[in-house]
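S.K.: Next one to model:
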Amino acid sequence: MTELKDFLVKHDTTTIPEHLLLRIGALKGASLIKTGTSELGKVHETFINVLLNSKKILGISPIFHKDFVDVFGHLLNQGCTAELILTPEVLNKTLGSADAQLFQKYLIEEKLKIFVKESNLKVALTVSDRIFSLGLFDLNGEYDYTEDLISKNPEAIVWGEELFRQTMEGSKRLLLPK
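M.R.: Purely as a prediction, here's the structure:
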């Protein structure tokens, strides 16, 4: 629990609803993945690896990495479904770097649902059928690429699903013109 407290104290948790912060014990036992100077990609690689066998993903992303597009494309091709909450900037970068027709196909088939949230997102969250992953911004307002909280605990997964649903409030679903 000390690792969890240290993680939360060093990061901006202001966009996590108070009722979820009061139930932060659901994240007890989560592993804190840290990037050291000798392994700069550890957090990113761990995140990608935990997603690879997912069947359903809920995600909040105020950040963009080109690998995310390829990984989600691969997962959707394998039958995974995904609901994503993105900032307008992340959406533009995603659609600009992706095979737009492929993503349109998944949007039409409703294997992929994208929601756009205009407000300042300070949480990077991924919840799948088997894992929970949380990244936060530091107290200076920069996304912290060096730490990620990961758990396979069903309580953490439920907590993450609740955070996703709360964050979805006030977002707009991306719909393709018919």
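
S.K.: Check which helices and strands the longest helix anywhere in the chain is in contact with.
M.R.: Using DSSP state H, we find that the single longest helix of the chain is helix 154-168. Under the contact criterion of 3 or more Cβ pairs under 8 Å, 6 or more residues apart in numbering; DSSP states H and E, the helices and strands touching helix 154-168 comprise helix 18-21, strand 56-61, strand 81-86, strand 123-128, strand 132-136. In short, each C-beta sits where N, CA and C put it, glycine included.

S.K.: and with 10 Å instead?
M.R.: The contact analysis (3 or more Cβ pairs under 10 Å, 6 or more residues apart in numbering; DSSP states H and E) places helix 154-168 against helix 18-21, strand 56-61, strand 81-86, strand 112-116, strand 123-128, strand 132-136, strand 147-151.

S.K.: and the direction of the lowest-mean-pLDDT helix or strand in the chain versus that of strand 56-61, what angle?
M.R.: Ranking every helix and strand in the chain by mean pLDDT, DSSP states H and E puts helix 42-51 at the bottom, with a mean of 73. For helix 42-51 against strand 56-61, the angle between stretch directions is 150 degrees (axes from the mean of the first three to the mean of the last three Cα atoms, to 10 degrees).

S.K.: which residues touch helix 42-51?
M.R.: Judged by Cβ atoms under 10 Å, 6 or more residues apart in numbering, the contacts made with helix 42-51 from elsewhere in the structure are 31-36, 39, 41, 57, 59, 65, 67-68, 70-72, 74-75, 80, 82, 124, 126, 128, 130-133, 135, 144-148, 150, 152.

S.K.: try 6 Å this time
M.R.: Judged by Cβ atoms under 6 Å, 6 or more residues apart in numbering, the contacts made with helix 42-51 from elsewhere in the structure are 33, 35, 71, 131, 133, 148.

S.K.: What about these, which one has the most neighbours?
M.R.: Compared across the contacts of helix 42-51, residue 148 has the highest neighbour count, 25 neighbours, by other Cβ atoms under 10 Å.

S.K.: Against residue 116, how distant is that residue?
M.R.: 24 Å (Cβ to Cβ, to the nearest Å).

S.K.: Could you do residue 169 as well?
M.R.: From residue 169 over to residue 116 (counting by Cβ to Cβ), the distance is 13 Å.

S.K.: now residue 75
M.R.: If you measure residue 75 against residue 116 using Cβ to Cβ, the figure is 21 Å.

S.K.: In terms of neighbours, single out the busier of those two.
M.R.: Higher neighbour count among residue 75 and residue 116: residue 75, with 22 against 16, using other Cβ under 10 Å.

S.K.: Now do the strand or helix carrying that one: distance to the chain's middle.
M.R.: Per DSSP states H and E: residue 75 is located in helix 66-77. Averaging C-alpha positions (Cα atoms, centre = their mean, to the nearest Å) puts helix 66-77 13 Å from its chain's average.
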